[in-house]
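# Sequence and predicted structure below; questions after.
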Amino acid sequence: MMLRIFLFAFVSLFALRATAQEFTTEADSDPKAKAVLDKLRNKYEAFKTLEADFSLEIEIPEQPVEVQKGHLIQQGNKYRLKLKDRTMVSDGESVWLYLPKHQEVQINNAEEEPEEGVFNSPKDLLAAYQWKNHVYVLTAEFTENGRLIQQIEFKPISRYADYSKVRLTIDKKTNDIVRIKTFNKDGSRFTLKVDKITGNKSYPASTFTFSKAECPDCHWEDLRI
């Protein structure tokens, strides 16, 4: 499974600012938020491929804040995700996890269907509002660095979810994702800031596999079933 903290079951302990009521069903979702998400989803679904540069801010209680730069290339269910401490690559059937610190490569089967509430790719996030176990609300519009920003918050209906909220920030003019923040029930916070997104570039098939030539001295462990 792709790195959970990246694309995101991102959530929070704060109440939704748009309303004080307790959400109980998907029907409580905000039609204004759905309209924004429809435009966003249509834009990203038109991309046959997607490339993104981003930074990931990790806040864990009683630990220093950590910021990692990352790079993602995605084509359907195939991807190459690079972070400071790992690279994850999938051809849609297998997933390679490269851990440079340990000089190790692990190979696993790719998950055919993502779990609801687990974001394995950017497109999973954009489909989240269709899940019947979430509600979503347009909580704010404001100007930030000269851009008109819209903010949408997702909340799981189940009280047993690992998280309580996902906050999605969007550029209203361009329909680009600006950042995604999650607030986990253990007090941790993860913020993904999108620096650049490019769509519909072409990539060779080798982009979505990890070969021994990339780390000939690594220990390789094949865990596929």
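Here it is on my side, so go on.

# Identify each buried residue in stretch 173-185, please.
By neighbour count on 16 or more other C-beta atoms under 10 Å, the buried set for stretch 173-185 is 175-184. Bear in mind the C-beta positions are built from the backbone N, C-alpha and C, glycine included.

# Just the CA coordinates for it, please, in CSV.
Only the C-alpha atoms of stretch 173-185 are listed here, as CSV (Å, rounded to 0.1, in the frame of the first residue of the first chain):
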residue,chain,number,x,y,z
LYS,A,173,-9.5,30.0,-10.2
THR,A,174,-7.4,27.1,-11.4
ASN,A,175,-9.1,24.2,-9.6
ASP,A,176,-5.6,23.1,-8.4
ILE,A,177,-5.0,21.4,-5.0
VAL,A,178,-3.0,23.8,-2.8
ARG,A,179,-2.7,21.6,0.3
ILE,A,180,-4.3,18.7,2.2
LYS,A,181,-4.1,18.5,6.0
THR,A,182,-5.1,15.7,8.2
PHE,A,183,-5.5,15.6,12.0
ASN,A,184,-5.3,12.1,13.4
LYS,A,185,-6.8,11.1,16.7
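
# you'd agree V95 is up against M88?
Yes - using C-beta atoms under 8 Å, V95 makes contact with M88 at a distance of 6.5 Å.

# Confirm I170 sits in a strand?
Yes - under DSSP: H, G, I helix; E, B strand; the rest coil, I170 falls within a strand.

# For it, which non-adjacent residue is closest in space?
In space, and not counting its chain neighbours, I170 is closest to Q150: 4.8 Å by C-beta to C-beta, 6 or more residues apart in numbering.
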